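> pasting the structure only:
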């Protein structure tokens, strides 16, 4: 389980307000990195998203722990800082409500098909980086790999893997790993 993660934004306050609305959480200052916000969800798991000002990076600092350093952010006309990092988050809002939150901020938002297996709501934060929001009706359709036999006595060190389509790739995959359409035919 991931308890919290960090992202950067040109406007940490606006992004924090979005996440607070999206997950039904609360946004607070994050003093270790001035200008940052932290959004908490009171779910008993410590779920949180830290939002740092663009250019913030963490650096090792030995036993006292990581320190924050600001790197210059190139300012080019119309430039958007893209990121290879994204994450999916389960939320209690509908796809339509998520789209309305994004639209109110001028951010791109789409309901996307992931290869016929399931759908996500793509929210392009500040039109720069991706968060996949999973409302209840969409996350019920996500294939689950609840149990895989790795052929190694359960140690998890085997070479087996299952494809998203549920096809066996050298291991047994439970019935729940199949997309709904294939379970119905099985």
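That came in fine, so what should we check first? All values reported here derive from a predicted model rather than from experimental measurement. Numbers count the residues shown, from 1 in each chain.
> quick check: domain ranges of the chain?
4-70+82-139, 148-185 (automatic domain parsing).
> which of those is buried the deepest?
Highest mean neighbour count of these: domain 4-70+82-139, a mean of 16 (counted as mean count of other C-beta atoms under 10 Å). Heads up, the C-betas are built off the backbone N, CA and C, glycines and all.
> just checking, residue 113 touches residue 119?
Yes - counting by C-beta atoms under 8 Å, residue 119 is a contact partner of residue 113 at 5.5 Å.
> so which residues of this structure form helices?
Counting by DSSP state H, one finds helices in the chain at the ranges 12-23, 95-105, 136-139, 180-185.
> what residues does stretch 85-103 touch?
With contacts defined as C-beta atoms under 8 Å, 6 or more residues apart in numbering, stretch 85-103 is touched by 2, 5, 7, 18, 21-24, 108-109, 111, 120-121, 123-124, 129-139.
> go on, stretch 7-23?
By C-beta under 8 Å, 6+ apart, the residues outside stretch 7-23 that reach it are 25-27, 35-39, 41, 47, 49-56, 81, 85, 89, 91, 93, 98, 101-102, 105, 123, 125-126, 128-129, 133.
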